[in-house]
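[1] Next one to model:
(chains A, B, C and D)
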Protein chains: 4
Amino acid sequence: MPDPIGRTRWAIAEGYIPDGSTGPAPLHSHETACVLNAGDEDADVAVTVFFADREPAGPYRVTVPARRTVHVRFDELEDPEPVPRGVEYASLIESTVPVVVQHTRLDSRQAELGLLSTIAYADR
Amino acid sequence: MPDPIGRTRWAIAEGYIPDGSTGPAPLHSHETACVLNAGDEDADVAVTVFFADREPAGPYRVTVPARRTVHVRFDELEDPEPVPRGVEYASLIESTVPVVVQHTRLDSRQAELGLLSTIAYADR
Amino acid sequence: MPDPIGRTRWAIAEGYIPDGSTGPAPLHSHETACVLNAGDEDADVAVTVFFADREPAGPYRVTVPARRTVHVRFDELEDPEPVPRGVEYASLIESTVPVVVQHTRLDSRQAELGLLSTIAYADR
Amino acid sequence: MPDPIGRTRWAIAEGYIPDGSTGPAPLHSHETACVLNAGDEDADVAVTVFFADREPAGPYRVTVPARRTVHVRFDELEDPEPVPRGVEYASLIESTVPVVVQHTRLDSRQAELGLLSTIAYADR
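    This is a model prediction of the structure:
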């Protein structure tokens, strides 16, 4: 296998976790950062979440094992604090080894089918 | 914190703000440039809007504070002039410090849920 | 104004123009390559269209004036030949000056609102 | 013709092939990697598929002839093994010559019209 594909720092500028109390019908979607680690070394990933009017939350720690892919769901991040609902956010994803990150909104009514998907921004 | 992630010049080649008079039903979506400033210095952002058949509008000035994200709604840009409705446009986003820009169309009927999202083009 | 933003060669790997005879209901969408020329020199743009089982079509010639944006609709390309309907295609977009290209599928029922949008691939 | 556009290594971090048994209604979409080979040499393409909890599958071998585009459907990959249904996956696409890759989810009810599309990540 050649050197691993990817970068070690990624950003997603758009994010939103609905607040359960804002509408009459439940929303059936959730946002994920899909992380691919195609290399032979486990990736220690740190996710920092940014907001419009408060200091960033995190870092949230996730391990993506060698030769595996992990879908990080933002609504399941709990430590050091849950990601606030009903507000816009953005995220920074830093990894100890090269990975590839894609931002996807999944529709949980349809067997995890994606609703939209965007490659994240990578810079190194 | 390491050096800030991002670039200082971005472009979005696609944009459209519906004209309220073109259809029977109100449209419930709006376009945004989601800007993440993950660094420790405030970003002074200048947005220039391009059209098919007239000179560009702007620059529109927006501040994205350090460690914050701002969703710039094109239909709320007012100074030096509102962005024309019912015509196609494109935009150039220049920042004094590195930022990350994503173009998203939001559906305001569903608690700001995105309908489509595209990473903008960055060149430096 | 600084040096113009963009690249001179872009590719869109996905495309499809429906064949009017394949379904009972008319399809109300069309594909475009949104081209932004933020510079001070007109762009002479050549579009080449690739297929699964025949030689490429084109080049189709389009001018994007200085400081203007043009939405190139693939179903309106006629010279040297119309783009075949009902088959998958991909496109290569070459410009004499730097431009930015985004691939968008528009829904013509909703005032030209985009259905999906993807930044094209640029390499120089 | 100039040197061919593209890269030789691409990654798609998000993927999902529905399991036919998970819902009452059949799903009418499928995922593809749209590959454009704009050059004058055939491309030998190897697709490796990564999962959350098992070793990667593949490589799957596909040829994209010179000056042609091929839509690789993940649900039609059979050799060395079918891609598992009902689980998340990611993919690595390696080519002997430069190509351009876009990830698209197609809706087969509407004449192969795309539902979402994302440029893949390229690194060399």
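[2] Grab the nearest non-local neighbour of the residue nearest the centre of chain A.
    Centroid-nearest residue in chain A: residue A:33, 2.7 Å away (criterion: CA atoms, centre = their mean). Once flanking residues are discounted, residue A:33 sits nearest to residue A:72: 4.5 Å by CB to CB, 6 or more residues apart in numbering or on different chains. Just so you know, the C-beta spots here come from the backbone N, C-alpha and C atoms, and that holds for glycine as well.
[3] Isn't residue A:9 up against residue A:96?
    No. The criterion here is CB atoms under 8 Å, and residue A:9 misses it with residue A:96 at 11.0 Å.
[4] just to revisit the earlier point, please identify which helix or strand holds the residue nearest to residue A:33.
    Using DSSP states H and E, residue A:72 falls within strand A:68-73.
[5] just for chain A, where's the confidence low?
    Along chain A, segments meeting pLDDT under 70 span A:1-2, A:18-29, A:106-116, A:123-124.
[6] where along it do the strands fall?
    Using DSSP state E, the strands of chain A run over A:7-12, A:29-37, A:43-51, A:57-64, A:68-73, A:89-107, A:113-119, A:121-122.
[7] ok, residues contacting the fourth one?
    Residues from elsewhere that reach strand A:57-64 (CB atoms under 8 Å, 6 or more residues apart in numbering or on different chains): A:35-37, A:42-49, A:51, A:70, A:72, A:77, A:79-81, A:83-84, A:94-95, A:99.
[8] tilt between it and strand A:89-107?
    When axes from the mean of the first three to the mean of the last three CA atoms, to 10 degrees is applied, the directions of strand A:57-64 and strand A:89-107 differ by 50 degrees.
[9] Buried ones in strand A:57-64, by neighbour count?
    Under the neighbour-count criterion of 16 or more other CB atoms under 10 Å in any protein chain shown, strand A:57-64 has A:57-60, A:62, A:64 buried.
[10] and which of those is nearest chain C?
    Nearest to chain C, judged by CB to the nearest CB, of the buried residues of strand A:57-64 is residue A:64 at 25.1 Å.
[11] Please name the bridge partners of the closest one.
    With DSSP bridges as the criterion, residue A:64 is bridged to residue A:43.
[12] any chance of the strands of chain A in JSON lines, plus distance to residue B:122?
    As requested, these are exported to JSON lines (distance: least, CB to CB, whole Å):
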{"stretch": "strand A:7-12", "distance to residue B:122": "11"}
{"stretch": "strand A:29-37", "distance to residue B:122": "19"}
{"stretch": "strand A:43-51", "distance to residue B:122": "18"}
{"stretch": "strand A:57-64", "distance to residue B:122": "24"}
{"stretch": "strand A:68-73", "distance to residue B:122": "24"}
{"stretch": "strand A:89-107", "distance to residue B:122": "15"}
{"stretch": "strand A:113-119", "distance to residue B:122": "12"}
{"stretch": "strand A:121-122", "distance to residue B:122": "7"}
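[13] of all these, which lies closest to residue D:120?
    Nearest of the strands of chain A to residue D:120, taken as CB to CB: strand A:113-119 at 7.3 Å.
[14] Count the neighbours of the residue nearest to residue A:33 for me.
    Residue A:72 has 19 neighbours, counted by other CB atoms under 10 Å in any protein chain shown.
[15] ok, now residue A:4?
    By other CB under 10 Å, the burial measure for residue A:4, its neighbour count, is 20.
[16] how near is it to residue D:9?
    10 Å (CB to CB, to the nearest Å).
[17] ok, residue A:9 and residue A:96, which is more surrounded?
    When residue A:9 and residue A:96 are compared for neighbours, residue A:9 comes out ahead with 19 against 14, by other CB under 10 Å.
[18] Which strand residues bridge the more buried one?
    residue A:94.
[19] circling back: identify the residues contacting the residue nearest to the centre of chain A.
    Residues near residue A:33 by CB under 8 Å, 6+ apart: A:12, A:47, A:71-72, A:74, A:91, A:93, A:101-103, A:120.
[20] same thing but at 10 Å, please
    A:10, A:12, A:15, A:45, A:47, A:62, A:70-74, A:91, A:93, A:101-104, A:120, D:13-14 (CB atoms under 10 Å, 6 or more residues apart in numbering or on different chains).
[21] Of those, which qualify as buried by neighbour count?
    Buried members of the contacts of residue A:33, scored by 16+ other CB under 10 Å, are A:10, A:12, A:15, A:45, A:47, A:62, A:70-72, A:74, A:91, A:93, A:101-104, A:120, D:13-14.
[22] okay, the angle between the strand holding residue A:72 and strand A:89-107?
    Going by the same axes, to 10 degrees, strand A:68-73 makes 100 degrees with strand A:89-107.
[23] and strand A:68-73, how far out from the chain's middle?
    8 Å (CA atoms, centre = their mean, to the nearest Å).
[24] hey, what's residue A:88 bridged with?
    Residues in a beta bridge with residue A:88, per DSSP bridges, are residue A:16.
[25] burial count for it?
    Residue A:88: 22 neighbours (other CB under 10 Å).
[26] I'd like to know how many residues surround residue A:76.
    Using other CB under 10 Å, the number of residues around residue A:76 comes to 12.
[27] before we move on, what about residue A:89?
    By other CB under 10 Å, the residues close to residue A:89 number 23.
[28] Please apply the same query to residue A:49.
    So residue A:49, with other CB under 10 Å, has 22 neighbours.
[29] same deal with the one 5 residues further on?
    By the criterion of other CB under 10 Å, residue A:54 has 11 neighbours.
[30] give the contact list for it.
    So, once contact is read as CB under 10 Å, 6+ apart, residue A:54 ends up touching A:84, A:87, B:67-68.
[31] Narrow those residues to those that are buried.
    A:87, B:67-68.
[32] is it possible to export these to a markdown table including distance to chain D?
    What follows is the buried ones among the contacts of residue A:54, written out as a markdown table (distance: CB to the nearest CB, whole Å):
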| residue | distance to chain D |
| --- | --- |
| A:87 | 24 |
| B:67 | 26 |
| B:68 | 26 |
